[in-house]
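Novice: Sharing a model prediction with you, sequence too.
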Amino acid sequence: MSKIPADQMKKYIHEMLTNRDKKRNFTETCELQINLRDYDPEKDKRFQGAVRLPNDPYPNIKIGVIGNLTHCEQARALGLTAIDQEGLKKFNKEKKPIKKWCKPFDILLASESLLKILPRLLGNILVKIGKFPIAIPENEIVSNKVNETKATVRFQLKKVLTLGTSFGNNKLTEEQLRVNLNITVSFLVSLLKKGWMNVKTLYIKTSMGAPVRIYG
């Protein structure tokens, strides 16, 4: 990440972690906030992508599983809530119970075989509420997918030129945060049509802290 020298990045991360009014009794997310420029979401391709980080940014993320028999058993063994095809049918495509079931979860995972028939079972409600599941290949173990999900950050450009993602939490060391942030920003830049020329500003902040400008 040549645009932001390593020593300067260390300074920004330290400032972010100390720039809080008081310590909280919960783990705070460390967020990257991005403002783009010279990009037209209506004309230019709306990019999306995901990258796995070496240090889990989402240790406490709440995950629900929509699975086949094997995946449901594996999920429940991990203490996760899981629902199978028969359970989905009981919703009868009614929006209210579907939303109620999804509400506690930050992310949903689904067996590939069920993912293909979700529109038929549930309609498009999961798309509308922004919780369409991430696929679990039929031969993959749920615990592996859960670990991958906790370590992966995602970007998706929609209709506005601002977006953001987590890159860590305040339980990680400053060096772990620096490594995660470096990978996150480098991956973002790789998605952009003109690379760094499309980046207007970058800020980092904890959930309850003030933003720190790191670029622009």
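Specialist: Yep, that arrived. Numbers count the residues shown, from 1 in each chain.
Novice: my guess is residue 104 contacts residue 63, does it?
Specialist: No: contact criterion C-beta atoms under 8 Å: residue 104 and residue 63 do not qualify, at 10.0 Å. Bear in mind the C-beta positions are built from the backbone N, C-alpha and C, glycine included.
Novice: Which residue of the two possesses the greater neighbour count?
Specialist: The neighbour comparison of residue 104 against residue 63 (other C-beta atoms under 10 Å) goes to residue 63, with 23 against 10.
Novice: Now do the contacts for that one.
Specialist: 80, 105-109, 146, 149 (C-beta atoms under 8 Å, 6 or more residues apart in numbering).
Novice: secondary structure class for residue 108?
Specialist: strand (DSSP: H, G, I helix; E, B strand; the rest coil).
Novice: returning to that earlier point: just the buried ones from the contacts of residue 63?
Specialist: 80, 105, 107-109, 146, 149 (16 or more other C-beta atoms under 10 Å).
Novice: and which of those is nearest to residue 88?
Specialist: residue 108 (11.7 Å; C-beta to C-beta).
Novice: Next one: residue 78 from residue 144, what distance?
Specialist: 11 Å (C-beta to C-beta, to the nearest Å).
Novice: likewise residue 208?
Specialist: Counting by C-beta to C-beta - residue 208 and residue 144 are separated by 33 Å.
Novice: Residue 51 too?
Specialist: For residue 51, the distance to residue 144 - C-beta to C-beta - is 17 Å.
Novice: The two - which one has more neighbours?
Specialist: Neighbour count, other C-beta under 10 Å: between residue 51 and residue 144, residue 51 has more, with 18 against 12.
Novice: residues contacting the nearest residue to the more buried one once chain neighbours are set aside?
Specialist: In space, residue 51 comes closest to residue 187 once its chain neighbours are excluded; the distance is 4.2 Å by C-beta to C-beta, 6 or more residues apart in numbering. Going by C-beta under 8 Å, 6+ apart, residue 187 touches 49, 51, 155.
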